[in-house]
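Undergrad: here you go, sequence then predicted model.
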Amino acid sequence: SGIYIWADDPGKVKQILIFELKSTTKAHNAGNKEEGMIAQVKRYAQDFYKNPTKTLNWDIDTDRVQYTGIILARKSDINKELTSLNIGGGNFNPIPFLSDSYYYDDSFPKDDNPRNKKDIRLELYSFEDIYELASNRNTVFFKLLKKEFEFDEDNK
């Protein structure tokens, strides 16, 4: 299931992040024709929009909220999702500093009328990109730590 995160005081929500963490072995709905990963996050956004009190026990004006959906999955599941028919032929843009992660500005229906839509920013991050990013950042940290350790050893 998804995790909802707000960006400020819950009484004055201006932005909500819907975080969907998929399996590291195989996402059960990647590229699924019934409801793929992206459709699932958009459904969570719609559920919150229609009834925030029922979804998260918040009584707020959901029209004034900025919606962001983040999916963390394997790159093979992301590729499967992006090549499926679920995304409505949208153009996902690569995130410049990553290899297999994408973003897209989309919308979800506010109600049963498909013309009534609310904007949502969708971001798909691959586990592989996150691992590489973390490894690169930690490499710098460990190099600094090693230098500090060597400095301490030299000054004993």
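TA: Now that the structure is in, tell me what you want to look at. Numbers count the residues shown, from 1 in each chain.

Undergrad: pull out the buried residues from stretch 47-66.
TA: By 16 or more other Cβ atoms under 10 Å, the buried positions in stretch 47-66 come out as 47-49, 52, 55-56, 58, 60, 62, 65. Placement of C-beta: from N, CA and C, glycine included.

Undergrad: looking at these, which is nearest Lys22?
TA: Taking Cβ to Cβ as the measure, Lys22 lies nearest Asp47 of these, at 18.7 Å.

Undergrad: quick one: contacts for that closest one?
TA: Thr55 (Cβ atoms under 8 Å, 6 or more residues apart in numbering).

Undergrad: does it sit in a helix or strand, and which one?
TA: Per DSSP states H and E, Asp47 falls inside helix 37-50.

Undergrad: and Leu124, by the same measure?
TA: Counting by DSSP H and E, Leu124 is part of strand 117-126.

Undergrad: now that strand - C-alpha only, CSV.
TA: Extracted in CSV, the C-alpha atoms of strand 117-126 (Å, rounded to 0.1, in the frame of the first residue of the first chain):
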residue,chain,number,x,y,z
LYS,A,117,-9.1,16.6,-13.4
LYS,A,118,-6.5,17.5,-10.8
ASP,A,119,-2.7,17.7,-11.7
ILE,A,120,-0.3,15.2,-10.2
ARG,A,121,3.5,15.0,-10.7
LEU,A,122,4.6,11.4,-11.1
GLU,A,123,8.2,10.2,-10.5
LEU,A,124,9.5,6.7,-11.0
TYR,A,125,12.8,5.9,-9.4
SER,A,126,14.6,2.6,-9.9
